[in-house]
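1. Generate a structure from the sequence data that follows.
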Amino acid sequence: MNQQTKIAVLGYGVESQSTCAYLKKHGFSNVTVFDTRTYVDTIEGYPCVFAEDALKQLVTMEVVFRTPGISYNHPNLVAARDAGVEITSQVEYFLQHAKGMTIGVTGTKGKTTTSTFMHHLLHEAGKDVHLIGNMGNGMLDVLDGLTEESISLMELSSFQLMGCRYSPHIAVALAVTPEHLDYHLGLEEYYEAKYNITAHQSSGDILIVYKDNHVSHSYGEKSKATVYSISPQGEVDQGAYLKQEHTILKWNSQVEPISFEGFSLPGKHQRINAMPGLLIARLLGISVEKIEAAMKSFGGVEHRLEHIGQVHNVEFYNDSAGTTPEAATAALRAMSKPTWMILGGSEKGVDFDQFAKDVLGEKHLQGIFFVGGSSGPRIRTAIEIAGGEELDIPLISLDHFRDLPATWYEYVQPGEVILLAPAAASFDEFENYKQRGECFRSMAKGF
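-> You can find the predicted model right below:
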């Protein structure tokens, strides 16, 4: 790709605007922006084509920067690939050109907490670490400022990894479970997209897999990288595992315990999310003493099992980002007091039968509020079938999220917990999970 290459940038979102700014800065002159919805004349001086059939013109380009919001399987992208057009992305371009070390984290849930915690550990140890992408600065916004000492840390979704031809130096594959089936052609495609985080690694690279998840574990069996495992259930040959109040690290013939004393995030799943960061920090030469000190100052991430506080002796936890059944189950299991769950939202096409059995198996589940969307009624049906005649907890269905506070007064007692862990997306009533979480936080503080 040179300054005269015919380049298409897809979409008018924040990422695409960042891509245009980078291309402009580096003298790329033959760039066109394509979008099917929003209209502007130019971006960074580049002409924009805005029309319902705009993407049909991609076959005339040489390189296309795809945004994650546009599927790799979009018919016009497929036609462009068949015509010999190179399809790339910010993630791929960054991994190809970044100086220093790159670390990528994928998985169905836990990516953000794992990445943010890892960034905190490395930053507190004095590393030149950059949290980029979904949770930090734009990838191409920081690319020029990196040095050989820099560490670039990013969480990577299946949308971003789809078709990616480069992998980070250190890859983390957390548990991978069915999700985004409305975006991918099928489950196998989703799994293969995630696998791209290690598909292009070499023997000098590192892959950390979740031993107890068959999909993540299978990545390690196929990868060319040096593989480490994490497990909450038992010892590993090389990697990290949980034992009482410690993570035990096994690496380079060493066995080292790291204490969770002072680690504030509730739930076993949060300790699982912490393990890759603990392991990577040691592999990068950070002492156990510095790691344990940094753990005590980590405050967590908004909308991810965030403790909002206590109002009238009722505890409120916001896990609005918990949009899968697995995440919602983990959030419930992190609670110890009698807990009311808030479930439901927009549809993601997942099955709730096992989820229903899992949550009903938690003895501290006090009751469930179902809200909005088609997923709310589906979850309730699954709960009723799983519980059968022995179901003895209140099930309350509401038309709208805003109706929740009135029912809290009627049902919730002092000493109990209200947990937003919806097991569904938010698009039925909100722009995103963050807006839903902010709404919940306001409701809680006004209770």
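2. all contacts plus neighbour counts: C-alpha atoms, from now on.
-> Noted.
3. Tally up the residues packed near residue 122, please.
-> By the criterion of other Cα atoms under 10 Å, residue 122 has 23 neighbours.
4. residues contacting it?
-> 128-129, 281 (Cα atoms under 8 Å, 6 or more residues apart in numbering).
5. Please narrow these to those residing in strands.
-> Among the contacts of residue 122, the ones falling in strands (DSSP state E) are residue 129.
6. Mind putting the contacts of residue 122 into CSV with pLDDT?
-> Supplementary listing: those in CSV, determined by pLDDT from 0 to 100:
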residue, pLDDT
128, 97
129, 96
281, 97
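7. If you count neighbours, what's buried in whatever helix or strand residue 310 lives in?
-> Per DSSP states H and E, residue 310 falls inside strand 306-311. Across strand 306-311, burial judged by 16 or more other Cα atoms under 10 Å covers 306-308, 310.
8. centre of the chain versus the host helix or strand of residue 79, how much separation?
-> With secondary structure defined by DSSP H and E, residue 79 is part of helix 75-82. Helix 75-82 sits 28 Å away from the centroid of its parent chain (Cα atoms, centre = their mean, to the nearest Å).
9. swap in stretch 343-359?
-> Going by Cα atoms, centre = their mean, the spacing between the C-alpha centre of stretch 343-359 and its chain's C-alpha centre is 18 Å.
10. Equivalent analysis for stretch 260-273, please.
-> The chain centroid and the centroid of stretch 260-273 are separated by 18 Å, computed with Cα atoms, centre = their mean.
11. which outside residues touch it?
-> Residues from elsewhere that reach stretch 260-273 (Cα under 8 Å, 6+ apart): 110-111, 113-114, 230-232, 245-247, 292, 295-300, 305, 330-331, 333-335.
12. Please flag which of those sit within helices.
-> Here DSSP state H is the test, and the contacts of stretch 260-273 give 111, 113-114, 292, 295-296, 330-331, 333 as lying in helices.
13. Generate TSV for these, with distance to residue 206 and neighbour count as supplementary columns.
-> Conversion of these to TSV gives the following (distance: Cα to Cα, whole Å; neighbours: other Cα atoms under 10 Å):
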residue	distance to residue 206	neighbour count
111	17	22
113	20	19
114	16	27
292	23	18
295	23	24
296	27	14
330	27	19
331	30	26
333	31	21
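14. just those residues now: which is nearest residue 64?
-> Nearest to residue 64 among these, counting by Cα to Cα, is residue 111 at 27.3 Å.
15. Quick one: low-confidence residue ranges for this protein.
-> In the predicted model, the chain carries pLDDT under 70 at residues 37-39, 135-136, 178-185.
16. Report the separation between the residue most central in space within it and residue 173.
-> Among the residues of the chain, the smallest C-alpha distance to the mean C-alpha position (Cα atoms, centre = their mean) belongs to residue 111, namely 4.1 Å. When distance is defined by Cα to Cα, to the nearest Å, residue 111 is 9 Å away from residue 173.
17. what do you get for residue 355?
-> Residue 355 sits 22 Å away from residue 173, going by Cα to Cα.
18. and those two? which has more neighbours close in?
-> Using other Cα under 10 Å as the criterion, residue 355 and residue 173 rank with residue 173 on top: 30 against 20.
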